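J.: Could you look at this predicted model? Sequence included:
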Amino acid sequence: MPLNRSNILRLISIKSGAFSFPNSSLKPKFSRFYRSLNSQDGQYAIAHTTKPSPYLDSVQEKTVSSFAMSRMMVSSVQGSFLKFLVQTSKAKRVLEIGAFTGYSALCMAEALQGRGPDAKVVTLEKSEEYFKAAKENIESSGLGHLIDLKLGDAREIDIVSNLDNSVKYDLIFLDADKGGYIHYYNIILERDLLSDDGFIVADNVLFGGHVSQVPKAKDLSQFPPPAKHLHAFNEHVANDEKTTQILLPCFDGIMLIQKKASNA
Ligand SMILES: C[S@@+](CC[C@H](N)C(=O)[O-])C[C@H]1O[C@@H](n2cnc3c(N)ncnc32)[C@H](O)[C@@H]1O
């Protein structure tokens, strides 16, 4: 893909909340951070963030030129954020629900290099088309030994329920169907899949600025379904005594969730 101005804008607008608004009166008022990758601040952030590897850039470019739904992929700054989280938390075992073309899994796998034989990103994808693309991207990355890509519906055939729970995960990235988040969250806690210091990173919890409007809305039919699911998820987690959480109004909204220590 040629890196002309419109392609660069497509690349930097990925995962920045570029959703359609069913009713113009519901157009969210974006916060300073929100959708910021399209803004001057966002471009400044890109310029002052360590550059992703050329391989990651090539996966992102290929995804943008091959898939109409390329905006599902995290932005380069968010990918760097995920890599930074894996690096600084010293995570070894990562679980991702929602691989798409493998970009975010590859970002996190880069941080696992040199962390020993247990280091792995397990990533789940239900679409055969996206699975095939992710497989190709992972195989030619040189990081294949660090990524276990699984095909299947994480909810219906319950891949998450069938994971070996003798293995705990240090970071679990929720990035698949938004209606499944409560299910994944409950299963993760019930099956004790998080390590003691492990945490969940749930993406899109503000979903294009719609989610925060759900509580005061009179007519929920005007909202995209993920907004209602994500509001239910955010409430579910906020009301759960077993965990602590931070909702960060950056990117498309990220929630970081940790189990409370048993003595807390
Ligand atoms: C937002 S995209 C993931 C983007 C990816 N994490 C990235 O940043 O490169 C969500 C992906 O989850 C997949 N997905 C949706 N529901 C799923 C399910 N129940 N089980 C497994 N994958 C699912 C979709 O096919 C899609 O590829």
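T.: The structure has been received and is ready for your questions. From a predicted model like this one, the values you see are computed outputs, not experimental measurements.
J.: Which residues in the lengthiest strand in the chain does the neighbour count mark as buried?
T.: Determined from DSSP state E, the single longest strand within the chain is strand 194-203. Neighbour counts over strand 194-203 (16 or more other Cβ atoms under 10 Å) mark Leu194, Ser195, Gly198, Phe199, Ile200, Val201, Ala202, Asp203 as buried. Every residue, glycine included, has its C-beta placed from N, CA and C.
J.: Greatest separation within those: which pair is it?
T.: Largest separation among those by Cβ to Cβ: Ser195 and Asp203, giving 20.4 Å.
J.: Can you pull the residues of the stretch 101-250 of the chain lying near the ligand?
T.: 103-104, 124-127, 130, 153-155, 175-177, 180 (Cβ under 6 Å from any ligand atom).
J.: For the following helix or strand past the longest strand of the chain, the averaged confidence score.
T.: In the C-terminal direction, the helix or strand that comes right after strand 194-203 (DSSP states H and E) is helix 225-238. Computed over helix 225-238, the mean pLDDT rounds to 97.
J.: now stretch 141-156
T.: 94.
J.: how far is it from where the chain is centred?
T.: 15 Å (Cα atoms, centre = their mean, to the nearest Å).
J.: Could you give me the buried positions within that stretch?
T.: For stretch 141-156, burial by neighbour count (16+ other Cβ under 10 Å) applies to Ser141, Leu143, Leu146, Ile147, Leu149, Leu151, Ala154, Arg155.
J.: Could you do stretch 217-231 as well?
T.: For stretch 217-231, the neighbour count (16+ other Cβ under 10 Å) marks Phe223, Pro224, Pro226, Ala227, Lys228, His229, Leu230, His231 as buried.
J.: How much space separates the nearest residue to Thr50 once chain neighbours are set aside from Gly102?
T.: Using Cβ to Cβ, 6 or more residues apart in numbering and skipping the chain neighbours, the partner closest in space to Thr50 is Ser80 (6.4 Å). Note on Ser80: its distance to Gly102, by Cβ to Cβ, to the nearest Å, is 16 Å.
J.: Those two: which is more packed in?
T.: Using other Cβ atoms under 10 Å as the criterion, Ser80 and Gly102 rank with Gly102 on top: 29 against 20.
J.: Low-confidence bits of the stretch 101-250 of the chain, can you list those?
T.: 157-162 (pLDDT under 70).
J.: Distance of Val94 relative to Leu189?
T.: From Val94 to Leu189 the distance is 18 Å (Cβ to Cβ).
J.: between the two, which one's more packed in?
T.: Val94 (29 against 16).
J.: Contact partners for that one?
T.: Val86, Met108, Ala109, Leu112, Lys120, Val121, Val122, Tyr169, Asp170, Leu171, Ile172, Phe173 (Cβ atoms under 8 Å, 6 or more residues apart in numbering).
J.: Between those, which sits nearest Asn137?
T.: Ala109 (11.0 Å).
J.: after the helix or strand containing that closest one, next one along is what?
T.: Per DSSP H and E, Ala109 falls inside helix 103-110. If you walk from helix 103-110 toward the C-terminus, the next helix or strand you reach (DSSP H and E) is strand 120-125.
J.: Adjacent strands (with direction) for that next one?
T.: strand 93-97 (parallel), strand 147-151 (parallel) (DSSP bridges).
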